[in-house]
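> Sharing a model prediction with you, sequence too.
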Amino acid sequence: MAKLLIGAGVVLIVLGVLVAWGVPLGRLPGDISVRRGNLSFHFPIVTCIVLSVVLTLLFRFFGR
């Protein structure tokens, strides 16, 4: 349980630092955004990939 809480804390700190530095999470180059009339669709594919890689590395590091 302690490793999970530490990992969650590290993730929150990293996200906080990224937002403070002005990194536009959810609006990275490669994210799909379509606007037509009054319809708007946004799919953050690159953001999902980046978060997946970061979380995988964190879980591998704290899992040992």
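Received, thanks. Since the model is a prediction, treat every value here as computed from it, not as a measurement. Numbering: from 1, shown residues only.

> So for the residue located most distally from the centre of the chain, what's the pLDDT?
No residue in the chain sits farther from the centre than residue 37, which is 28.9 Å out by CA atoms, centre = their mean. Looking at residue 37, its pLDDT reads 92.

> how many neighbours does residue 1 have?
Look at residue 1: counted by other CB atoms under 10 Å, it has 5 neighbours. Quick note: C-beta positions are derived from backbone N, CA and C, even for glycine.

> Let me know the pLDDT of it.
80.

> Check the gap between it and residue 59 for me.
Remark: distance between residue 1 and residue 59 (CB to CB, to the nearest Å) = 15 Å.

> which residues pair with residue 40 across the strands?
Here residue 40 sits in beta bridges with residue 35, going by DSSP bridges.

> Check the burial of it by counting its neighbours.
The burial count for residue 40: 9, using other CB under 10 Å.

> Please apply the same query to residue 47.
By other CB under 10 Å, the residues close to residue 47 number 16.

> name the element the residue nearest in space to the middle of the chain belongs to?
Centrality entry for the chain: nearest residue to the mean C-alpha point is residue 51, 3.7 Å, by CA atoms, centre = their mean. Secondary structure assignment for residue 51, by DSSP states H and E: helix 45-63.

> same thing with residue 33?
strand 32-36.

> Other residues contacting that strand?
40, 41, 42, 43, 44, 45 (CB atoms under 8 Å, 6 or more residues apart in numbering).

> what number of residues lie near residue 36?
Residue 36 has 7 nearby residues by other CB under 10 Å.

> nope, residue 44 is what I meant
Look at residue 44: counted by other CB under 10 Å, it has 17 neighbours.

> Any figure for the gap between it and residue 9?
24 Å.

> go on, residue 32?
31 Å.

> Identify the residue spatially nearest to residue 46, adjacent ones excluded.
Spatial nearest neighbour of residue 46, chain neighbours left out: residue 30 (3.6 Å); criterion: CB to CB, 6 or more residues apart in numbering.
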